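>>> Starting from these lines, generate the structure:
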Amino acid sequence: MRIRRKYLFYALAFTSAIIAAAVSAIDAKIINDVITDDPWAFGVSCFVVGTFVTLIIVLIFSIPLKGKSLGSKIIDPSFRRLRLVRKEELKYHTLAGIGNAFLTIGYFFLLSMFGDPSAVLPFSQIVILYLILMESIVEKNIPTLSEIQSSLIVTFGAILVSISLTGTLTLESMAIVFLVINPAWVLFSIYQRKLKLLKIDKRPNDALNIRFWNVVFACIFVVIMVNIYDLFIGSSHFLAGITASITHFGWVALTMAVTFFSYVFYIRALGIGKASVTQAVRASTVLFAIPFSLLLAYLNIIPPFSTDPVMLLIKVIGTTLVILGIVSFALNLVKAYVFINVKTGVPIEETMKKLWNIRGVTRVTATAGPYDFIVKIRTRTLVKGYEQIIRKIEEIEAIEEYKWESVLKEWEDI
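Got it, this is the predicted structure:
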């Protein structure tokens, strides 16, 4: 089955958000009714059990079926089977694993400080702005004003939707969110995206192997960090985590199995769109979490929702902002290809570098056909972006002629 690439991106990101909302409901059940006394133990057990559960899931999806693996037919067309980490992936897996480990430890440290971190966790949505900043520094893709505006709208809308009057707002808790959780999420997202964009055996990297090895690497780092923490303060969180992995295996396996699918779809979306845009769309989790939260409140698993008209109005405003921001992202994206011929005798490598350095260029390909280069363009402002890119192309003396063709539709295997 094939689907337009833009629609696939939003389908993957929204599906990831819906599943993530379900995961938050399962986690609330576990924290309130299952592993109530030690959030650190929950964190350790998540990765210990998660490694085993993720391995089983990926092995099942590796089963061959009519010439393809089961996973390639229903999850990711790029997936063949479970494989070992390649040398070129090792650095990215290490950094993404560290990011995931610190993100998890930061979250559970908040839980250990006070039972309801809802007053500070909404500010983790500001990670979208962190991602924009990092993309400007790390990637050759500076965000446009439209992207910044849309990201701000989604960020503060998500904060308004998820903010609560319960919990304790302290300088220490805010420092954990801004200096640990958000930077760790940036590290995790940026390098998961780099992994998805890698070519393995001349094929696109697949989300299932990326997710499995991220859990493995994150598990290693979490085990190391919790043991160091236990050593310094004389606690036994690691042993409690191992015990919880056995005692509450069913619940922890359930949350990690559901989490697996949320992140697989998220990683696939990262391979199509920017990390900041993907995260902005995935911020709709706060919207999908509302029905799950209502169900948990109805079952008396979490405290009932506030019926304060002011709080309800704030949530409605936040919901509207999130929707408007996501719609803004969807409407502004423009893609194009520029077909270029260069003058005889000019250095190909030098010309490729000059084309690559143009803001908005995402790929430069040298060809043996009627054109010397095919350049892929991605911008969010057609008129201004077109003018700036064409001006830069015309400044390259080696270029003899060029032709701009805007992309109307792109299709991809679902």
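>>> Can you read off the backbone torsions of R203?
Backbone torsions of R203, given as degrees, to the nearest 10, read phi -130, psi 150.
>>> contacting residues around it?
Counting by Cβ atoms under 8 Å, 6 or more residues apart in numbering, R203 makes contact with 78, 80. Using the backbone N, CA and C atoms, a C-beta is placed for each residue, glycine as well.
>>> if I look at it, how far off is A336?
26 Å (Cβ to Cβ, to the nearest Å).
>>> Check A366 too.
18 Å.
>>> which residues in the stretch 251-400 of the chain form strands?
334-342, 361-366, 373-379, 399-406 (DSSP state E, counting those that start in this stretch).
>>> and G271, which of those strands is closest to it?
strand 361-366 (12.7 Å; Cβ to Cβ).
>>> returning to that earlier point: mean neighbour count added to the strands of the stretch 251-400 of the chain, as TSV?
Below are those laid out as TSV (neighbours: other Cβ atoms under 10 Å):
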stretch	mean neighbour count
strand 334-342	18
strand 361-366	16
strand 373-379	19
strand 399-406	13
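>>> Dump those strands into CSV; add distance to I228 and mean pLDDT as well.
Below are the strands of the stretch 251-400 of the chain laid out as CSV (distance: least, Cβ to Cβ, whole Å; pLDDT from 0 to 100):
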stretch, distance to I228, mean pLDDT
strand 334-342, 47, 87
strand 361-366, 41, 86
strand 373-379, 43, 85
strand 399-406, 54, 88
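>>> all helices of the stretch 101-250 of the chain, in order?
Under the criterion DSSP state H, counting those that start in this stretch, the stretch 101-250 of the chain contains helices at 127-138, 145-162, 171-176, 182-197, 207-233, 237-247, 249-270.
>>> what's the angle from the second one to helix 127-138?
On the basis of axes from the mean of the first three to the mean of the last three Cα atoms, to 10 degrees, helix 145-162 is oriented at 150 degrees to helix 127-138.
>>> Okay, buried residues for helix 145-162 please.
For helix 145-162, burial by neighbour count (16 or more other Cβ atoms under 10 Å) applies to 146-147, 150-162.
>>> can you give me the helices in the stretch 301-414 of the chain?
Using DSSP H, counting those that start in this stretch, helices in the stretch 301-414 of the chain cover 309-332, 348-356, 382-394.
>>> how about CSV for those helices, with mean pLDDT, mean neighbour count and distance to V53 added?
Listed next are those as CSV, based on pLDDT from 0 to 100; neighbours: other Cβ atoms under 10 Å; distance: least, Cβ to Cβ, whole Å:
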stretch, mean pLDDT, mean neighbour count, distance to V53
helix 309-332, 74, 16, 31
helix 348-356, 88, 15, 42
helix 382-394, 74, 14, 45
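>>> All good on my end, thank you.
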